[in-house]
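*Asks:* build me a structure from this.
(chains A, B, C and D)
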There are 2 protein chains.
Amino acid sequence: MPKRVDHEARRQKIAEALWRIAGTRGLDKASLREVAHEAGISLGQLQHYFAGRDEMLVFASNHISELADRQIRARLAAAFPDRPPTPYEMLRVCLRGMLPLDDNTRTGILVQIAYFSRAVRDARMREPARKGIPPLLAWFAELLRAGVERGEIAADRDLDAEAMLLLALADGLTTYVMLEVHEAERAAELIDYQLGRLFEGVPAPG
Amino acid sequence: MPKRVDHEARRQKIAEALWRIAGTRGLDKASLREVAHEAGISLGQLQHYFAGRDEMLVFASNHISELADRQIRARLAAAFPDRPPTPYEMLRVCLRGMLPLDDNTRTGILVQIAYFSRAVRDARMREPARKGIPPLLAWFAELLRAGVERGEIAADRDLDAEAMLLLALADGLTTYVMLEVHEAERAAELIDYQLGRLFEGVPAPG
DNA sequence: CACCTTCCAAGTCAATTGTATTGGAAACAC
DNA sequence: GTGTTTCCAATACAATTGACTTGGAAGGTG
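*Replies:* Numbering: from 1, shown residues only, chains lettered A, B, ... in the order given. Presented below is the predicted three-dimensional model:
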């Protein structure tokens, strides 16, 4: 066997270059040449790692999902280094993590939007975006159930519905932040407003 | 003055051809040639009505907004031909009108998404999408205030917040319908769930 | 009729695209 | 060293794009 190269690492480097372009100039502008240039490699090299543009897009999509997943876990660990967070706190951190409150997340959302606008028309790109949602919803519902057991949430709530509402709310509010209808902080307040109605008697964090 | 042509009508015809393409193949595929062909005219003729691609896109964007506005008013008038609808009914019809419950609306949403994914990066396209939202929100809030006066909504609600929540919710739920996470009917149920919590003691429509 | 403005069809142009090909450098096995 | 496989740079190619030019048809005005 000849020249050994870490195949996966290269593909990730390329995916991150694609990420940068999609977040600034849009996914359409992420041509093979542009991505290669952004990654600091030649078109020939890029083609060696991806058979075609679509394959590159799909790989990058999956890569992004994993990164987003990892980031939200890191955020949770960072926010509560000493004690385990309450269900309310976990939910709040997760939902806030979806909002474009900082530049990094904002760029990530731009990339998500670029992919989303393709995913709604292309089943192949829809799959990766889809599959992460049900587990996330189930986890939200579980957190809410823990909230019920702690007596913080009324027992007659439809927890699956509430979980979906919170998720959709975060997404919808983000939409209007990106359209500059309101600020990201306003979106965060509204999340808190909805959360506060759910968790009765739980003091809102400062 | 020579040959007289209804300029505006042509531009609308072109905008609708663009609409059809953006809804099926995506906004990027809406090249001047493709739009011209879809509209059944020549490239030369299309260029006579729009100086460049961007101008065509902006015009079409505005045109779509007006159509959507008109459609929702028509829907309201059709749903309650005899008596004036209650605030609850008006809100419910409007919010349901945003969901992809039929093929027509679904296509419209695909177009909206195509535009949205450009608007988040291009201020020129963001403007038209933006400007319609505040009046809509104000109208929602006004409906909610009427609900408070009828004793259907608790007096201590933050009506501006509730209005934004409902709007964002409809958008977010639509997002997940398009990603095939849940059905449009489920989204409608969830809207009713949130509405039902707001309007206390108002019976849900069959 | 003559004229002049509006309208638009056809063609050209440079730029950019995804894909394919070719040739050779690099590195490991023997 | 020889060979063989992996890796990749360079180039070519057809297709598509937005923009522009040109020439003339259509039709109202005088």
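*Asks:* CA only for contacts and neighbour counts going forward, please
*Replies:* OK.
*Asks:* contact partners for the closest residue in space to A:Pro134 that isn't next to it in sequence?
*Replies:* Nearest non-adjacent residue to A:Pro134, counting by CA to CA, 6 or more residues apart in numbering or on different chains: B:Val181, 7.6 Å away. Taking CA atoms under 8 Å, 6 or more residues apart in numbering or on different chains as the criterion, B:Val181 is in contact with A:Arg130, A:Ile133, A:Pro134.
*Asks:* gap between B:Val181 and DNA strand D?
*Replies:* 31 Å (CA to the nearest atom of the strand, to the nearest Å).
*Asks:* quick one: what helix or strand has the most centrally placed residue in chain A in it?
*Replies:* Closest to where the C-alpha atoms of chain A average out (CA atoms, centre = their mean) is A:Ala68, at 4.9 Å. Element membership of A:Ala68, judged by DSSP states H and E, is helix A:53-79.
*Asks:* do the next helix or strand after that helix and chain B meet?
*Replies:* Counting by DSSP H and E, the element after helix A:53-79 in chain order, helix or strand, is helix A:87-97. No - using CA under 8 Å from any CA of the partner chain, no contact is recorded between helix A:87-97 and chain B, whose separation bottoms out at 13.2 Å.
*Asks:* buried subset of the contacts of B:Val181?
*Replies:* A:Arg130, A:Ile133 (16 or more other CA atoms under 10 Å in any protein chain shown).
*Asks:* so can I have JSON lines of the contacts of B:Val181 showing secondary structure and pLDDT?
*Replies:* What follows is the contacts of B:Val181, written out as JSON lines (DSSP: H, G, I helix; E, B strand; the rest coil; pLDDT from 0 to 100):
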{"residue": "A:Arg130", "secondary structure": "helix", "pLDDT": "92"}
{"residue": "A:Ile133", "secondary structure": "helix", "pLDDT": "96"}
{"residue": "A:Pro134", "secondary structure": "helix", "pLDDT": "97"}
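*Asks:* list the contacts for the nearest residue to A:Leu159 once chain neighbours are set aside?
*Replies:* Nearest residue to A:Leu159, sequence neighbours excluded (CA to CA, 6+ apart): A:Ala141, at 5.5 Å. Residues near A:Ala141 by CA under 8 Å, 6+ apart: A:Leu159, A:Asp160, A:Glu162, A:Ala163.
*Asks:* quick one: which of those is nearest DNA strand C?
*Replies:* A:Ala163 (38.3 Å; CA to the nearest atom of the strand).
*Asks:* hey, C-alpha coordinates of the lowest-mean-pLDDT helix or strand in chain A in PDB?
*Replies:* Least confident helix or strand of chain A, by mean pLDDT, DSSP states H and E, is helix A:123-131 with a mean of 89. Provided in PDB are the C-alpha atoms of helix A:123-131 (Å, rounded to 0.1, in the frame of the first residue of the first chain):
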ATOM      1  CA  ALA A 123     -35.300  13.800  -0.200                       C
ATOM      2  CA  ARG A 124     -31.600  12.700  -0.200                       C
ATOM      3  CA  MET A 125     -30.700  15.900   1.800                       C
ATOM      4  CA  ARG A 126     -33.900  15.700   3.900                       C
ATOM      5  CA  GLU A 127     -33.000  12.400   5.500                       C
ATOM      6  CA  PRO A 128     -30.100  13.600   7.700                       C
ATOM      7  CA  ALA A 129     -31.900  16.700   8.800                       C
ATOM      8  CA  ARG A 130     -35.000  14.600   9.600                       C
ATOM      9  CA  LYS A 131     -33.600  11.800  11.600                       C
END
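*Asks:* how far off helix A:53-79 does it point, in degrees?
*Replies:* 10 degrees (axes from the mean of the first three to the mean of the last three CA atoms, to 10 degrees).
*Asks:* and the contacts of helix A:123-131?
*Replies:* A:Val58, A:Ser61, A:Asn62, A:Ser65, A:Tyr115, A:Phe116, A:Arg118, A:Ala119, A:Val120, B:Leu179, B:Glu180, B:Val181.
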